[in-house]
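Visitor: mind looking at a prediction? Sequence and model below.
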Amino acid sequence: MITNFFIPELNNHDVKELWFQQDGATCHTARDTIDLLKDTFGDRLISLFGPVNWPPRSCDLTPLDYFLWGYVKSLVYADKPQTLDHLEDNIRRVIADTRPQMLEKVIENWTSRLDYIRASHGSHMPKIIFKM
């Protein structure tokens, strides 16, 4: 997927300043994968075994993990899609219907999480609760 889709798609955009972050899943940290991503992103790769190490407890710091995936999944599966086409239609609809104002709130919450992490010198975030 990286070789056949992701990198060719990147070549269609100006991504000289783009950073790439991924989690520590085994397939994401295989030597070939890391080497390929280092060739593409250089020192702008955040990953286990990458130039910038994946931060501990980073699911607390990744809006996709702490909010978006659960939100999208709850709406996508609300009507229990029975076919791949139905599932794909639901995904497209939910993403298209996601309001910019909601995403702005997510980013506000994200910055408060970063402030908390800075103030606590990187400790766990038990008191942070996502609020809409």
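Guide: All right, it came through fine.
Visitor: spatially central residue in the chain, please.
Guide: Nearest residue to the geometric centre of the chain (C-alpha atoms, centre = their mean): residue 64, 4.5 Å.
Visitor: what sits against it?
Guide: By C-beta atoms under 8 Å, 6 or more residues apart in numbering, residue 64 lies in contact with nothing. Bear in mind the C-beta positions are built from the backbone N, C-alpha and C, glycine included.
Visitor: now do residue 19
Guide: Residue 19 neighbours (C-beta under 8 Å, 6+ apart): 41, 44-46.
Visitor: of the residues you listed, closest to residue 94?
Guide: residue 46 (27.1 Å; C-beta to C-beta).
Visitor: the closest one pairs with what?
Guide: Residue 46 has the following beta-bridge partners by DSSP bridges: residue 21, residue 52.
Visitor: ok, and what's touching the lowest-mean-pLDDT helix or strand in the chain?
Guide: When the helices and strands of the chain are scored by mean pLDDT, DSSP states H and E, helix 63 comes last with a mean of 76. By C-beta under 8 Å, 6+ apart, the residues outside helix 63 that reach it are 106-107, 109-110.
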